[in-house]
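when you get a sec, could you give me coordinates for this:
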Amino acid sequence: MLQDELTITLEDMLNAREQRAHRQRTLLAQYGVPLAVLTMNIAGPVKRGEWIDRGFALGYTLIRRQLRAARMRCLHTDIHILRTGNEAFMAVDADTRALKRALLDIEEATPAGRLFDIDVLDCDGSQISRAQVGHAQRTCLLCDQPAHACARSRQHGLPEITARTQQLLRDALTQWDAWHIAQQACRALLYEASVTPKPGLVDRAGSGSHRDMDFFTFVDSSVSLSEYFEQCAHIGLQQLQSAAATMAALRPLGRLAEGAMLAATDGVNTHKGAVFTLGVVCAALGRLRPEQRAQPARVLDECAAIAQGITAQDFAGITTENARTAGEKLYARHGITGARGQLEQGLPSVRDHGLPALERALQDGLSLNDAGCLALLHLMLHTEDTNLMARGGVEAGQQVQQEVAALLKRTPHPDHAALRDLDAAFVARNLSPGGSADLLSVCFLLHFMKDDPLQMPGQEDQERTEDRDSFGSSALYPHLRTRIAP
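Model prediction:
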């Protein structure tokens, strides 16, 4: 919609208030339980917009979480997407005052809480006030005075209030997005470590070809990287002018994250490759619009843009004589670019092989564990894994790919016995496909990001009704109806 189409009048607001009261009476009569009503405190003639809509979705998500934590069953929910402001009505089987106290936590202790207007109505339609549950009146957006007093006296002008509202929304949603991306990145690392059995790698059954680390080392390492992933997402969310500027901002953070990782693992290198690769992916996710984060191809294209030119930059002047690290030696002798080259190409092993294998396996009914095992094999088959080559040479990398290809030819879904046999063979040769394991964590992250907890329930301009919770399904919300009105 254009801004003019979103502008509403006083008459529009009065009509909306009357309609809201009618919906409240109808739901109270139908369900006979308290009603929670979510609207947004947005001053001025424009009540809708991208930031406001996502703010409303955030408020609704937080209410769902509070109800679930308090074990309060929501019997029915209506969500109305309106020009006059979005509205959510939830019939909740709970003690009215306990419900009010639970939802006040959202208004008082979350970054955008001041912009959420969460009313709780008793079964007779009376509204439960803050004072009735021992809470003070709400304060003004801009000062410490009671909100109603500032509103009556017109203490603050509309431009000042609007600017403060926009700042609160942007800050809250930026914080949410960075936290959500970082949470999913850590989750991806822990899932990768948990997948069992993984040939030559640390998993829940053993340490593979690694004598200096175990599963718990990986847990410690993953937790230590949470703040780093959030920082990477924040860099992306800053929308630096160029993707190259994003990479420049990421590099010092990556070096600091390696220090945090080594401190957590007592000097063991568990996730150096993942620090680099997942850091770029988190920044790419931050640079994209919310709906684009659920599109793996778009995310990987952004990764390629961020990493453009990094191989030439990092390996400039590297020769067989001055190469020091395993990666530099492989580049100087064989032109193998490793993780840098993968990122510059948009991680083709993930895009074309690992992620499709993971999601096909899940669609076929495999568990996340077994789907991860299969995805790892496909990544090994299609990745120049410098970890393997550093341990066994280029020939070892080629031999492993031949062994994996033969295994997949015999059975598209190798069982655990076959994987354990492959693990034993790798351990005997001291081989570890650590690069492929890092890419498996990327596959998990891209898969997890397809679920956006703040997704609005549709963008049509006509009214419609749905039988499911468009913000995310839950047994607590079996009767959600969503109405989208012009």
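
ok, for S226, nearest residue in space, not its chain neighbours?
If you skip the residues right next to it in sequence, S226 has C186 as its closest partner in space, 5.1 Å away by CB to CB, 6 or more residues apart in numbering. Where C-beta positions appear, they are placed from N, C-alpha and C, glycine not excepted.

thought that neighbour was touching Y228?
No. Using CB atoms under 8 Å, C186 is not in contact with Y228, being 9.8 Å away.

of those two, which one has the most company?
Y228 (24 against 21; other CB atoms under 10 Å).

ok, that one touching L256?
Yes. Under the criterion of CB under 8 Å, Y228 is in contact with L256, at a separation of 7.3 Å.

so what strands line up beside the biggest strand by length in the chain?
Within the chain, and with DSSP state E defining each element, the longest strand by residue count is strand 73-81. Each strand that strand 73-81 pairs with, and the sense of that pairing, follows from DSSP bridges: strand 87-93 (antiparallel), strand 480-484 (parallel).

confidence-wise, which of these is weakest overall?
Ranked on mean pLDDT, the bottom entry among those is strand 480-484, at a mean of 45.

so R101 sits in a helix?
Yes. When classified by DSSP: H, G, I helix; E, B strand; the rest coil, R101 is found to be part of a helix.

got the contact list for it?
For R101, the contacting residues are V133, taking CB atoms under 8 Å, 6 or more residues apart in numbering as the criterion.

pull the helix or strand with minimum mean pLDDT from this structure.
Lowest by mean pLDDT, DSSP states H and E among the helices and strands of the chain is strand 480-484, with a mean of 45.

and the residue sitting furthest away from the middle of the chain, what pLDDT?
In the chain, E321 marks the outermost C-alpha relative to the chain mean, sitting 44.0 Å out by CA atoms, centre = their mean. Each residue has a pLDDT score; the one for E321 is 84.

tell me the secondary structure of it, please.
When the rule is three-state DSSP, E321 gets the label coil.

how much space separates it from Q342?
Taking CB to CB, to the nearest Å as the criterion, E321 is separated from Q342 by 26 Å.

how is the chain partitioned into domains?
The chain resolves into domains spanning 3-156+456-484, 169-448 when parsed by automatic domain parsing.

of all those, which one is nearest A163?
domain 3-156+456-484 (9.5 Å; CB to CB).

what strand or helix carries the residue nearest to S226?
C186 belongs to helix 158-194 when elements are defined using DSSP states H and E.

that helix - what's its average pLDDT?
The model assigns helix 158-194 a mean pLDDT of 95.

in the very next helix or strand once past it, what's buried?
Note on helix 158-194: by DSSP H and E, the next helix or strand toward the C-terminus is helix 215-224. By neighbour count, with 16 or more other CB atoms under 10 Å as the criterion, the buried positions of helix 215-224 are F215, T217, F218, V219, D220, S221, S222, S224.

neighbouring contacts of helix 215-224?
For helix 215-224, the external contacting residues (CB under 8 Å, 6+ apart) are 186, 189-190, 193-194, 202-204, 207, 257, 260-261, 263-265, 268, 270-271.

same question for stretch 381-393.
Residues from elsewhere that reach stretch 381-393, judged by CB under 8 Å, 6+ apart: 209, 273, 326-327, 330, 336-339, 341-342, 348-349, 352-354, 396-397, 399-401, 404-405, 408, 429-436, 439.

now that stretch: buried residues?
The neighbour-count check on stretch 381-393 (16+ other CB under 10 Å) flags L381, H382, T383, E384, D385, T386, N387, L388, M389, A390, R391, G392 as buried.

got any ranges where this structure has weak pLDDT?
Per-residue confidence of the chain (counting by pLDDT under 70) places the weak regions at 1-5, 455-486.

does H234 touch A178 like I think?
Yes. Using CB under 8 Å, H234 and A178 qualify as a contacting pair, with a distance of 4.8 Å.

now list whatever residues contact both of these two.
Taking CB under 8 Å, 6+ apart as the contact criterion, the residues that touch both H234 and A178 are G286.

ok, now which ones touch V120?
Taking CB under 8 Å, 6+ apart as the definition of contact, the neighbours of V120 are P34, L35, A36, V37, T96, L99, K100, L103, Q127, I128.
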